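J.: Give me a 3D structure for the following:
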Amino acid sequence: MSFVNNIESVYKFIDRLYSNDEFSTNYTAYQLLGFANDIFGEVCIVLKQPFIPNITPTTQKQINEDLTKRGFRRIKYGMAKRCWTNGFITIEDAKTKNVATYNGVFLYYDIITQHATQRIIELYQMELE
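T.: Purely as a prediction, here's the structure:
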């Protein structure tokens, strides 16, 4: 998911884990196993995520419909960057390669989540007006 190379990245990483687990189902929640050094000697975090057999692919239309049904809106911010937000959690990279279906449940994995910044909250609220 991320390497931890300074205190700011530690906080961002923890927020990413926490927001992912708030958004995701138990099927895709992360379990923090510990810390290790990678082959370059850099500290990394060891995570575990359940293996789900018999998943089916999803279309972008299905993903968009699921997120919309769950109260998320797609907004544009920054340099033509787009994300989904419900005004609390921000999701990037919700694409077909990162979403599958299992028994009718959408499984989001390897997406980028974080708690919404003040600017994202403002843009989300403008979308509602």
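J.: and the helix or strand of the chain with the lowest mean pLDDT, which residues are buried?
T.: With mean pLDDT, DSSP states H and E as the measure, the helix or strand of the chain carrying the lowest mean pLDDT is helix 118-128 (a mean of 77). Buried positions in helix 118-128, judged by neighbour count with 16 or more other CB atoms under 10 Å: 120, 123-124. In this view, the C-beta of every residue, glycine as well, is placed from N, C-alpha and C.
J.: how many other residues sit next to the spatially closest residue to N20 that is not a sequence neighbour?
T.: Closest residue to N20 apart from its sequence neighbours, by CB to CB, 6 or more residues apart in numbering: T113 at 4.5 Å. Residues lying near T113 (other CB atoms under 10 Å) number 23.
J.: Give the other helices and strands that the least confident helix or strand of the chain contacts.
T.: For helix 118-128, the elements it packs on are strand 73-77, strand 81-85, judged by 3 or more CB pairs under 8 Å, 6 or more residues apart in numbering; DSSP states H and E.
J.: Just send the buried residues of helix 118-128 back as a markdown table, with distance to L47 too.
T.: Below are the buried residues of helix 118-128 laid out as a markdown table (distance: CB to CB, whole Å):
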| residue | distance to L47 |
| --- | --- |
| I120 | 25 |
| L123 | 30 |
| Y124 | 29 |
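J.: Enumerate every residue touching Y109.
T.: 24, 28, 49, 98-100 (CB atoms under 8 Å, 6 or more residues apart in numbering).
J.: Repeat the analysis, applying 6 Å as the threshold.
T.: 28, 98 (CB atoms under 6 Å, 6 or more residues apart in numbering).
J.: can you start the count at 40 instead of 1 from here on
T.: In the new count, where the first residue is 40, that last one comes out as Y148.
J.: name the helices or strands packed onto the longest helix along the chain?
T.: If you go by DSSP state H, the chain has its longest helix at helix 46-62. Where contact means 3 or more CB pairs under 6 Å, 6 or more residues apart in numbering; DSSP states H and E, helix 46-62 is packed against strand 151-154.
J.: Just the CA atoms of the strand it packs on, as CSV, please.
T.: Provided in CSV are the C-alpha atoms of strand 151-154 (Å, rounded to 0.1, in the frame of the first residue of the first chain):
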residue,chain,number,x,y,z
ILE,A,151,-7.1,4.8,-2.6
THR,A,152,-9.2,6.0,0.3
GLN,A,153,-8.8,8.8,2.8
HIS,A,154,-10.9,11.0,4.9
